[in-house]
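Enquirer: 3D, please:
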Amino acid sequence: MQIDGACLCGHVRYEATIDPDTVVICHCTDCQVNSAGAFRYGTMVARENFRLLAGTLKVHVKTAESGARRALSFCPDCGTSIHGADPEDPKVYSLRLGTARQRHQLTPKAQVWHRSAVSWLGRIEELKSFETQPAPRPRR
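Expert: Residues are numbered from 1 along each chain as shown. Take a look at the predicted model:
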């Protein structure tokens, strides 16, 4: 499947060819921190199937608890995470699909590192929902 995406500010734009059957949610604590959320949503894409159309990426090399090193790439202007890869020989990118324009078509097929999932995630449907940002509550 051909997809395209961009960072929040539009400095970084890309296109990629992915297999939609490989879309996953990762609950590892590194992905929670890196995404500033409860999980990361992504897929693996071969380097030759990813093309940076605009911008430059900044890279931070992170050493995981296992000792494995990961090059985490993001927009140098707005900080949007784009992908992760091996820092020495990036043959495959772990593409962050929250940046993809087609994200509504990309349903996760599996969850990894589920032992680190936040406990409230299974009850998210019980939360009050608003279609847009609700009006601020008056201060007391």
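Enquirer: Show me the helices in this structure, by range?
Expert: All helices of the chain, identified by DSSP state H, fall at 29-35.
Enquirer: For it, name the helix or strand with the lowest mean pLDDT.
Expert: helix 29-35 (a mean of 84; mean pLDDT, DSSP states H and E).
Enquirer: Show me the contact partners of it.
Expert: The contact list for helix 29-35, computed with C-beta atoms under 8 Å, 6 or more residues apart in numbering, reads 38-40, 62, 64, 70, 72, 81, 84, 96, 98, 113, 116, 118. Just so you know, the C-beta spots here come from the backbone N, C-alpha and C atoms, and that holds for glycine as well.
Enquirer: Could you rank those residues by neighbour count and give me the top one?
Expert: Gly84 (27 neighbours; other C-beta atoms under 10 Å).
Enquirer: residues contacting it?
Expert: Taking C-beta under 8 Å, 6+ apart, one finds Asn34, Arg70, Ala71, Leu72, Ser73, Tyr93, Ser94, Arg96 in contact with Gly84.
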